[in-house]
Every structure is written in C-alpha cells, then in structure tokens.
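Peer 1: Have a look at this prediction, sequence included:
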Amino acid sequence: TWKVMNDLNDAFSHIGQLEFLVDELEKAIDKNDWTAVIDITAALTAYLPVFTAQYDRAHAIAWTQVVGQPEILN
C-alpha cells in the first residue's frame, strides 16, 4: 500500500513542472516574446498527455490496491 500511494504521490508531484511551464508562459506573454510563447506552448502540449497518462496509471493501481476493486473511469 505504501509503495502504490508513494508512486501516486510521485506522479502527482510532476504538476510542479507544469506550474513552472505556465509561469514561464505568462512571463513570455508579458514580454511579448512570441517565439518563447510558441516553444513553451509546444512543451506544455507535449508534456500534458504524458503527465496525465502517468498519473492515471498510478491512480488506477493505487485505487485497486487500496480499495480492492478496479475503479470505473468515465
């Protein structure tokens, strides 16, 4: 149980990387640095599906281990 919950926490902790990219995006917008806006937006677009897939896997494993039955996801 500890391992799966720790893995879930690790997966969720990657949200800090998303926060960093959003902060950088806001700075680029404020400076009208459109090259950076495009680059950071591309990074967010590429990273978000990887982050959510990792989190979804960790969540499903933790849910099954702790609750004892697979969660039905919509």
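Peer 2: The structure has been received and is ready for your questions.
Peer 1: what's the burial count for residue 15?
Peer 2: 11 (other C-beta atoms under 10 Å). From N, CA and C alone the C-beta is placed, and that goes for glycine too.
Peer 1: Nearest spatial neighbour of it, chain-adjacent residues omitted?
Peer 2: Nearest-residue entry for residue 15: residue 51, 7.5 Å, with adjacent residues in sequence omitted and distances by C-beta to C-beta, 6 or more residues apart in numbering.
Peer 1: Give me the pLDDT value at the closest residue to residue 58 other than its chain neighbours.
Peer 2: Excluding its sequence neighbours, the residue lying closest to residue 58 (C-beta to C-beta, 6+ apart) is residue 11, at 3.9 Å. In the predicted model, residue 11 carries a pLDDT score of 87.
Peer 1: now residue 70
Peer 2: For residue 70, the pLDDT comes out at 60.
Peer 1: Equivalent analysis for residue 60, please.
Peer 2: For residue 60, the predicted pLDDT is 89.
Peer 1: any idea which helix or strand carries it?
Peer 2: Using DSSP states H and E, residue 60 maps to helix 34-67.
Peer 1: and the helix or strand of the chain with the lowest mean pLDDT, what does it pack onto?
Peer 2: Ranked by mean pLDDT, DSSP states H and E, the helix or strand of the chain with the weakest confidence is helix 2-13, at a mean of 87. Packed against helix 2-13 by the contact rule (3 or more C-beta pairs under 8 Å, 6 or more residues apart in numbering; DSSP states H and E) you find helix 34-67.
Peer 1: for the helix it packs on, packing partners?
Peer 2: So helix 34-67, by 3+ C-beta pairs under 8 Å, 6+ apart, packs with helix 2-13, helix 15-30.
Peer 1: Of all the ones you listed, which one comes closest to residue 36?
Peer 2: helix 15-30 (3.7 Å; C-beta to C-beta).
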